[in-house]
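Visitor: just the structure for this:
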Amino acid sequence: MRGFVQSRGLLSAARIPQIASDPKWGRAWCVAPALPGRVTSVELAAERILQGKLEVFGQRVPMPNGVPDWNADPVTGGRIEQTFGLFIDFRHIGAGIDIKHLWEVNRHLWWVPLAQSYALSGNRRALGALRTLLSSWLVACPYALGPNWSSPVEHGIRLINWSVVWSLIGGADSPMFEGEQGQRLLTRWLESIYQHIRFASDNYSFYSSADNHLIGEAAGVFVAAHTWDQWLETRKLRNEAKTILEQELQRQFSADGVGLEQAVCYHKFALQFVLASGLCGSANRDDFTAAHWARIEAAAAFLASIMDCAGNVPEIGDSDDSEVWRLGHGAEFDSYRSLVAIGAALFQRADLQAKVRSIDASEDEQVPWLACGFGPPADASALQRLPTTFRSGGYVVIGEALHSKHEFRVTFDCGPLGYNRIAGHGHADALALLVSWEGDPLLVDSGTYCYSVDPEYRRFFRGTRAHNSLVVDGRDQSDYGASFLWLRDVNSSLLEDQTQSDSRTVHACHDGYTRLVDPVVHHRRIRLDMHEGPLVVEDWLDCARPHDVELLWHAAPGARLQRTGEHWELHTEAHMLRLSFDGALLEYEVIEGRDHPPQGWVSSGFYRRSPAPVLIARAKLAPQQKLRTLIQRVRRPEQREGRSP
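Guide: This is a model prediction of the structure:
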C-alpha cells in the first residue's frame, strides 16, 4: 500500500525542503586516529580500489574507468530496469540474478578505505576516486527508481557508510567540494541524503521484516540526521528513529545478549547498526539510555563467550557475510573479534579485555578510529567470568579450560527457531551440538551457502538434516514455507543445567515434532566429564509409539570419518574424536558431497561450500528409549608429550 501511494507521487521526497534556519554539521563518530596502527592495510585496500580491483562474495566486479555499473548484477552482467523501486520483486528477478551481489556493491563499504587513506595521508587520488564514484552513483540512481531504491535497509547501510566517508574527508570543508562543480556535487549529495532518510523512514519494516531490517533503517536515519542536521523535518525523524532503536534492541536481543533471530551473523549485523547509532548519539550529545547500552554490552559479551580460543564463532543460523561498516582491512581482520575488542574498549570489562588479549585482538584496527581506548590488560583469570548459560537466548557453552589454548568446547543450541513468527534467518537446529578442541572445529554447523538462487540447497542448509540433531520420521523440526519462512514455531526448554566438581550436565527439549499424528517431544541430555573425560549425549522421545529417527554428526571439511571395530573415528589434521553408540539397533551411513538430495556439505561463507563427511545413525526409537552417543577425546603422541600438534 505504501509503495502504491508513493508510486503515485504521494508521500514523495522528490522535492527537497528548505534548509533549517539553524543548520548544523554533526560531530563525527568516526575520526582519524593520532596513532592509526596498521596504516599499511588501509593503504593497500585503497590502492586495490584505485586499481579497479573490487570483489564481492569472491566475485570480481567489473569497473571500467574505475566505476561499476550501479544497476547491473556484477556476476551475470544483467541490468535491472529503473522502474519504481518498491515494485521490484528482488527475490525473484530471474536470469540467474541474485540481487545481493548488486546491493553489496551499492552499500559503499568499499568507499571507506579511500576516505581513510585520505584522512591518514591526504591521498588526493583517493579523494578524486570518491568524487568520481559519488558523482556517477547520484546520476545512475535517482530517487525511488531502480534496484537501489527497492529495500530501505540498504539505505540505512549506505547512509552509515556515507557518514563515515563524510567525516573522514573533512565534511563540507573537504577539497572534494571546492569550486562551482564541487558545490553542485555537495548539493546533489545532500538532496540524495534527505531522500535516503525519507525513503528509509517512509518504508520502515514494521511487519514481516521487523527484525534487523527495522534496526538498520532506524540506525541509518538516526546517524544521517545527526551527520547532516540540515532540515527541521529530519530532526523529527531522528527522534522517531531513536525511539525505534531503543524499543527494537530490547525486543530483538534477549536480556542475556543473544540476538533472537538465532543467527550469529545477524547478531553481528544488528550489533554493528546499534553501535554506529550509539556512538553517533554520544558524539552529538544525544545519548541512548543506560538500558540500551547495557543490552549492547551483553551482546558483546555473548560474542566473546561463544568465540573459541582461536577467535572462531559458530555458523549458527543464516550467514551471508553481511557487514554494515568496516574500518579494518586485510586478510587477518575479523569483524567478530573486532566487535569484542570494541566492547572491551567501550565498557572496560575485565573479562572482555582478557578475551581480546587471549585472541590477539589487542591492536584491533577499528578501535582507534572510534576514539575508544583499551584499559590495562586484564588478568587471564577474568576469562572465567564470561557467562556460559544464556537461558533467555537459548544457548549453553560447556567445556574444559574454556578460553585457553587447550580448551575443549561444546556449544548447545537450545533456543527457539527464530524471531518474528516467520523465523526468516533461523535454521531448524534445535538441540544441535557443536564441538571444537583447541580451536579446531570438529563437529560443526553446516552453514548457509545461498539464499535464493538454488532453492534445493537453500532448503537443505536450513533444514534439520544439516545439523547435529535428531530427525524424526524424515521431517524437519518445522514445516518449510519458503527461503525465509517457517510455518510453525519451534520452542525449546532448558530443563537442567547442573555443575558438579567433576562434570556438567545440561538437559533440554523441543516441541517441533508435536505436530506429528503421534506428537513427539525430543529430549537431549549432555554430560561432560572433566579431566579429559567423555562427552555423553542422550536422545529420547516423549511420545506414544515408536518413530524412525536419524542422528546426524557433521564433521568439518577435510576431516575423515572411519569405522574401527565398534567405534567411529573422526580425524582432523590436529585432533581425533572417537564416537560410539548404544541403546538402539542402528544402521550407519557416511555421506560426503552428495548433490541430490544434498547432504555432506559445509559452507564456510556465502556462495562457498565444501564436501564434508556426515555420519548418520538410523534407528527405530521406542518411547523413552535412550539413544546414547559417547564422544571421547583421543590424544595423539605429540599431544601427550605437550607439543603443539
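
Visitor: how close does Phe177 get to Pro113?
Guide: Plainly put, Phe177 is 21 Å away from Pro113 if you go by Cβ to Cβ, to the nearest Å. Where you see a C-beta, it was placed from the backbone N, CA and C, and this is true even at glycine.

Visitor: neighbour-wise, which of these two wins?
Guide: Neighbours were counted for Phe177 and for Pro113 using other Cβ atoms under 10 Å; Pro113 has more, 25 against 19.

Visitor: so the more buried one, which state does it fall into?
Guide: Secondary structure of Pro113, reduced to three states by DSSP: H, G, I helix; E, B strand; the rest coil: helix.

Visitor: hang on, isn't it packed against Ala46?
Guide: Yes: under the criterion of Cβ atoms under 8 Å, Pro113 makes contact with Ala46 at 4.4 Å.

Visitor: ok, now which ones touch Pro441?
Guide: Shown in contact with Pro441 (Cβ atoms under 8 Å, 6 or more residues apart in numbering): 308, 312, 434, 556.

Visitor: did I read that right, it in a strand?
Guide: Yes: remark: Pro441 belongs to a strand, assigned using three-state DSSP.

Visitor: what mean pLDDT does stretch 191-205 have?
Guide: Throughout stretch 191-205, pLDDT has a mean value of 97.

Visitor: circling back to that earlier point, can you lay out the contacts of Pro441 as JSON lines showing distance to Ala298, secondary structure and neighbour count?
Guide: Output for those, formatted as JSON lines (distance: Cβ to Cβ, whole Å; DSSP: H, G, I helix; E, B strand; the rest coil; neighbours: other Cβ atoms under 10 Å):
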{"residue": "Asp308", "distance to Ala298": "20", "secondary structure": "coil", "neighbour count": "23"}
{"residue": "Asn312", "distance to Ala298": "21", "secondary structure": "coil", "neighbour count": "18"}
{"residue": "Leu434", "distance to Ala298": "21", "secondary structure": "strand", "neighbour count": "24"}
{"residue": "Ala556", "distance to Ala298": "30", "secondary structure": "coil", "neighbour count": "19"}
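
Visitor: count of neighbours near Leu271?
Guide: 28.

Visitor: for Gln500, same thing?
Guide: Using other Cβ under 10 Å: Gln500 sits among 10 other residues.

Visitor: cool, and Cys141?
Guide: Here the number of neighbours of Cys141 (other Cβ under 10 Å) works out to 20.

Visitor: returning to that earlier point: nearest to His155 among the contacts of Pro441?
Guide: Top of the list for closeness to His155, among these and by Cβ to Cβ, is Asn312 at 32.4 Å.

Visitor: pretty sure the closest one sits against Glu438.
Guide: No: counting by Cβ under 8 Å, Asn312 stays clear of Glu438, with 11.4 Å between them.

Visitor: what stretches of the protein score poorly on pLDDT?
Guide: 1-10, 35-38, 373-377, 638-645 (pLDDT under 70).

Visitor: tell me the domain ranges of it?
Guide: The record's domain split for the chain, according to automatic domain parsing, is 2-381, 388-488+522-640.

Visitor: redo those domains as TSV? Include distance to Cys509.
Guide: Formatted as TSV, the entries for the domains of the chain read as follows, by distance: least, Cβ to Cβ, whole Å:
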stretch	distance to Cys509
domain 2-381	17
domain 388-488+522-640	4
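
Visitor: those domains: which one's closest to Thr505?
Guide: When the domains of the chain are ranked by distance to Thr505, counting by Cβ to Cβ, first place goes to domain 388-488+522-640 at 4.5 Å.
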